[in-house]
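**Q** pasting the structure only:
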């Protein structure tokens, strides 16, 4: 039976590939991003892959958008219940620590942490009984991992996402909900190119999307409140 899925950051990279794979597998998806033209292209790609695909797209800004007025009514029009929420959207700034402005820091945290907190909070009444909330973090957000200069805002925000995942799993441990976090290593995406120009990652966005899709469906059988590093390289 197809799942009802929400994916943020769906206009490029892993999110784009992930929505396509959900659609191809017969799952129904709400794809969220600011870039409407890319979302429309994504929807056409999904229809090409599966003529019966059900992909709903909404242009929404996770920083400045009104969740209660604009996003949640759209989700409610599409789904009665939600089975999987993939908090994939991410923001990055690559600068020396002393050059990161308060505005840049705030934006990174609002996308990478606050929006996840807010969306998950608002989704609680809509989750199906055994829903899975899957947060996409980074190896750089894992305690004891290799850290890289210029990524203090990004990596620290991803560390906050790790902590949030563990807290949610504990708070809802008496329910059938699952909360997990995948801390990704290097994946060939636009964001990686921004952080490490010229670096060629050993894993493609499509390959990582395949892993994430499978984990979103099967992970709750084995994991809850877990932070799993998914990487075969450094970074």
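**A** Arrived safely, thanks for sending. Since we're looking at a predicted model, the values are computed, not measured.
**Q** Show me which strand runs longest in this protein.
**A** Determined from DSSP state E, the single longest strand within the chain is strand 127-138.
**Q** Give the other helices and strands that that one contacts.
**A** Here strand 127-138 touches strand 82-87, helix 115-123, helix 152-171, strand 178-184, helix 205-218, going by 3 or more CB pairs under 8 Å, 6 or more residues apart in numbering; DSSP states H and E. All C-beta spots, glycine's among them, are computed from the backbone N, C-alpha and C.
**Q** The same query, at a cut-off of 10 Å, please.
**A** strand 4-8, helix 13-24, strand 82-87, helix 115-123, helix 152-171, strand 178-184, helix 205-218, strand 227-230 (3 or more CB pairs under 10 Å, 6 or more residues apart in numbering; DSSP states H and E).
**Q** what lines up beside it in the sheet?
**A** Within its sheet, and counting by DSSP bridges, strand 127-138 is paired with strand 82-87 (parallel), strand 178-184 (parallel).
**Q** And the most centrally placed residue in the chain, how close does it get to residue 132?
**A** Note on the chain: the residue nearest the mean C-alpha position is residue 88, at 1.1 Å, using CA atoms, centre = their mean. Separation of residue 88 from residue 132 (CB to CB, to the nearest Å) stands at 13 Å.
**Q** Residue 25 too?
**A** Taken as CB to CB, the span from residue 25 to residue 132 is 15 Å.
**Q** Run through the residues that contact residue 230.
**A** By CB atoms under 10 Å, 6 or more residues apart in numbering, residue 230 lies in contact with 136-137, 139, 182-185, 187, 203, 208, 211-212, 215.
**Q** Try it again at 7 Å.
**A** 182-185, 211 (CB atoms under 7 Å, 6 or more residues apart in numbering).
**Q** ok, and the most crowded of those?
**A** Neighbour counts for those, by other CB atoms under 10 Å, peak at residue 184, which reaches 28 neighbours.
**Q** In the sheet, which residues pair with that one? Tell me.
**A** residue 138, residue 230.
**Q** Surely it and residue 138 touch.
**A** Yes. Between residue 184 and residue 138 a contact is recorded at 5.9 Å, counting by CB atoms under 7 Å.
**Q** average pLDDT for stretch 108-125?
**A** For stretch 108-125, mean pLDDT rounds to 98.
**Q** just to revisit the earlier point, tell me which residues touch the residue nearest to the centre of the chain, please.
**A** Counting by CB under 7 Å, 6+ apart, residue 88 has contacts 7-9, 14-15, 18, 136.
**Q** Among the helices and strands packed on strand 127-138, which comes closest to residue 34?
**A** strand 4-8 (10.4 Å; CB to CB).
**Q** List of residues touching that closest one?
**A** 15, 18-19, 22, 27-32, 62, 75, 79, 81-89.
**Q** ok, 8 Å please
**A** 15, 18-19, 22, 27-33, 62, 75, 78-79, 81-89, 115, 119, 123, 128, 216 (CB atoms under 8 Å, 6 or more residues apart in numbering).
**Q** How about stretch 198-217?
**A** Outside stretch 198-217, the residues that reach it (CB under 8 Å, 6+ apart) are 3, 5, 13-14, 16-18, 20-22, 25, 84, 86, 88, 132, 134, 136, 180, 182, 184-189, 192-193, 228, 230, 232-233.
**Q** pLDDT of that stretch, averaged?
**A** Averaging pLDDT along stretch 198-217 yields 88.
**Q** List the buried residues of that stretch.
**A** 201, 203, 205, 208-209, 211-213, 215-217 (16 or more other CB atoms under 10 Å).
**Q** Kindly report the same for stretch 93-111.
**A** 93-94, 100, 107-111.
**Q** Sort out for me which of those residues are in helices.
**A** Using DSSP state H, 107-109 are the members of the buried residues of stretch 93-111 that sit in helices.
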